[in-house]
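Engineer: My questions are about this predicted structure, shown below with the sequence.
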Amino acid sequence: MTRRFAPDRRTFLKASAAAALAAPTIVPSSVFGKPDAPAPSDRVVVGSIGLGGLGFGHHLKILLANNRVRVGAVCDVDRNHRDRAAQEVFDKTGDRVEIYKDFRDLCERPDVDAVLIATPDHWHALTAIYAMQSGKDVYCEKPLTLTIDEGKTMVETARRYGTVFQTGSQQRSDKRFRKACELVRNARIGKLERVDTYIGTSEAGHWQTATTPPSELDWNFWLGPAPWAEYTPNRCHNEFRWFFDYSGGKMTDWGAHHNDIAQWGIGADGSGPVKIKGAAKFHEKGPYEAPRTFDVTYTYANGVELHCHAEGDNGVKFTGSDGWIFVNRGEIKDSADGEILKSKLTDQDVRLPVSKDHHDNWLDCIESRERPICDVEVGHRSVTVCHLGNIAIRLGRELQWDPVKEMFVNDEGANRMLSKPMRAPWHL
């Protein structure tokens with residue numbers, strides 16, 4: 001993946017600022033019909049990479065509705081996806097944006113300040129690292145990585161380049177989850193003893209005959225670093241997450257949300273469990289590799305146990321010596337008919353960072369150069385929990401984990417699963 005790199009974003013901004021000093025006037029934003037909007041020159045120019053269901057239906061629409069952002073370019077290996085996105089930008093803003101198939105070409109644009117990555121999981125690390133090396137700030141969808149070692153490299157790269165990096169585990173910007181974690185961290189349910197996360201089961205899928213990829217899709221580029229496979233519709237786009245070459249099933253899909261909240265409530269954002277064991281039932285028929293059901297137990301150094309389940313009501317349950325709190329995207333409740341939730345917190349209590357909107361938090365931090373609420377290291381540590389569960393399930397034995405060294409203890413077989421070979425010419 002040897003390519004020339006674009007100028008560092010800060011170098012570009014300095015050059016732009018110097019040029020602005022020579023300009024005769026500054027045009028107020030009111031001229032453009034939005035008195036409360038930033039001037040176009042002050043907006044963050046974002047390149048959107050990965051424009052399937054989530055990238056188009058969720059992220060692109062949010063970006064286009066935010067007057068702090070100008071979408072400057074779109075990129076996808078599927079021509080239909082990228083053309084649809086470009087048309088959406090034009091319909092909403094009147095702007096005709098550049099269209100790319102190769103994310104590297106987009107990242108080398110000096111006028112692009114930041115990128116939003118919503119590709120399949122096996123592309124996250126390569127795309128994000130190239131973007132950071134090109135001087136871009138990054139918003140990357142969850143699960144952050146395909147392997148634990150990818151996450152370590154992403155954290156190292158973000159620190160080297162001073163990247164503002166938001167992981168798309170957006171429940172950290174939901175007041176219900178923050179409230180639950182603050183009450184837990186302040187012992188309002190007594191001493192925390194266990195956390196249960198319920199993240200869903202998966203289907204077996206249906207065998208399909210290999211066929212020629214559709215003309216609009218560059219299948220070889222879609223596979224990228226993954227091993228070569230013949231094209232079938234259910235290996236691609238929305239169904240990729242059930243194959244271990246591209247994702248980690250429900251464990252990394254919903255697990256990257258709820259196990260992230262578990263880490264927040266436990267107070268383990270910079271750490272992780274020390275012991276993992278689990279069991280799963282895999283599909284006897286069908287092509288999908290991710291397990292149908294599973295139960296994984298993680299033990300932390302302070303004795304707290306995290307139990308991650310496929311089956312059960314979707315959400316997170318914190319249980320302490322004096323009660324419990326359950327939270328999901330629709331509700332928060334406790335074991336005392338709401339009395340625990342009425343507990344008041346003071347300035348002397350542990351208070352967690354506040355974000356009311358995940359994308360705006362990222363934009364705020366691009367301006368302030370602070371770390372977002374779900375910084376790359378937070379995202380890495382949270383998805384590490386998920387990867388550890390999958391590794392324990394697939395190996396079928398209890399594992400010891402060193403969260404400081406980020407290695408398994410005396411287990412070379414497990415340590416070989418911290419990374420995954422990439423198909424040439426792709427490499428980190």
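Structural biologist: The structure has been received and is ready for your questions. Residues are numbered from 1 along each chain as shown.

Engineer: So Glu377: helix, strand or coil?
Structural biologist: Put simply, Glu377 is helix when judged by DSSP: H, G, I helix; E, B strand; the rest coil.

Engineer: From Lys136, how far out is the residue nearest to Gly162 when sequence neighbours are not counted?
Structural biologist: Spatially, and ignoring its direct neighbours in sequence, Gly162 is nearest to Arg369 (7.2 Å; C-beta to C-beta, 6 or more residues apart in numbering). Where you see a C-beta, it was placed from the backbone N, CA and C, and this is true even at glycine. Separation of Arg369 from Lys136 (C-beta to C-beta, to the nearest Å): 14 Å.

Engineer: Look at these two and report which has more neighbours.
Structural biologist: Lys136 (27 against 11; other C-beta atoms under 10 Å).

Engineer: strands paired with the strand or helix carrying Gly47, and their directions?
Structural biologist: If you go by DSSP states H and E, Gly47 is part of strand 44-49. Sheet pairing here is set by DSSP bridges, and for strand 44-49 it gives strand 69-75 (parallel), strand 114-117 (parallel).

Engineer: Please identify the buried residues of the following helix or strand past the longest one?
Structural biologist: In other words, strand 69-75. Sequence order places helix 79-93 as the next helix or strand after strand 69-75, per DSSP H and E. For helix 79-93, a neighbour-count test (16 or more other C-beta atoms under 10 Å) marks His81, Arg82, Ala85, Ala86, Glu88, Val89 as buried.

Engineer: for the closest residue to Trp264 other than its chain neighbours, what are its contacts?
Structural biologist: Excluding its sequence neighbours, the residue lying closest to Trp264 (C-beta to C-beta, 6+ apart) is Cys181, at 4.7 Å. Residues near Cys181 by C-beta atoms under 8 Å, 6 or more residues apart in numbering: Ile261, Trp264, Gly265, Leu352.

Engineer: could you measure the first one against Phe103, distance?
Structural biologist: Going back to what we said before, that points to Ile261. 30 Å.

Engineer: now the nearest residue to Lys420 once chain neighbours are set aside: how far from His380?
Structural biologist: On the basis of C-beta to C-beta, 6+ apart, the spatially nearest residue to Lys420 that is not a chain neighbour turns out to be Thr147, at 5.1 Å. Using C-beta to C-beta, Thr147 is found at 11 Å from His380.

Engineer: Please apply the same query to Glu182.
Structural biologist: 23 Å.

Engineer: One more: Ala210?
Structural biologist: Using C-beta to C-beta, which is the criterion applied here, Ala210 is 35 Å from His380.

Engineer: With neighbour numbers in mind, choose between those two.
Structural biologist: His380 (24 against 10).

Engineer: That one falls within a strand, correct?
Structural biologist: No: the assignment for His380, made by three-state DSSP, is helix rather than a strand.

Engineer: Who are the contact partners of the closest residue to it other than its chain neighbours?
Structural biologist: Counting by C-beta to C-beta, 6+ apart, His380 lies nearest to Gly151, which is 3.4 Å off, once chain neighbours are set aside. Shown in contact with Gly151 (C-beta under 8 Å, 6+ apart): Ala125, Leu144, Thr145, Gly379, His380, Arg381, Val383, Thr384.

Engineer: Quickly find the element holding Gly151.
Structural biologist: helix 148-161.

Engineer: Tell me the first helix or strand C-terminal of that helix.
Structural biologist: strand 165-167.

Engineer: which other helices and strands contact that following strand?
Structural biologist: strand 137-140, helix 358-368, helix 376-395 (3 or more C-beta pairs under 8 Å, 6 or more residues apart in numbering; DSSP states H and E).

Engineer: And the next helix or strand past it?
Structural biologist: Strand 165-167 is succeeded, C-terminally, by helix 175-185 (DSSP H and E).

Engineer: contact partners of the very next helix or strand once past that next one?
Structural biologist: Moving toward the C-terminus from helix 175-185, the first helix or strand encountered (DSSP H and E) is strand 192-198. With C-beta under 8 Å, 6+ apart as the test, strand 192-198 has contacts from 184, 255, 258-259, 261-262, 265-266, 303-321.
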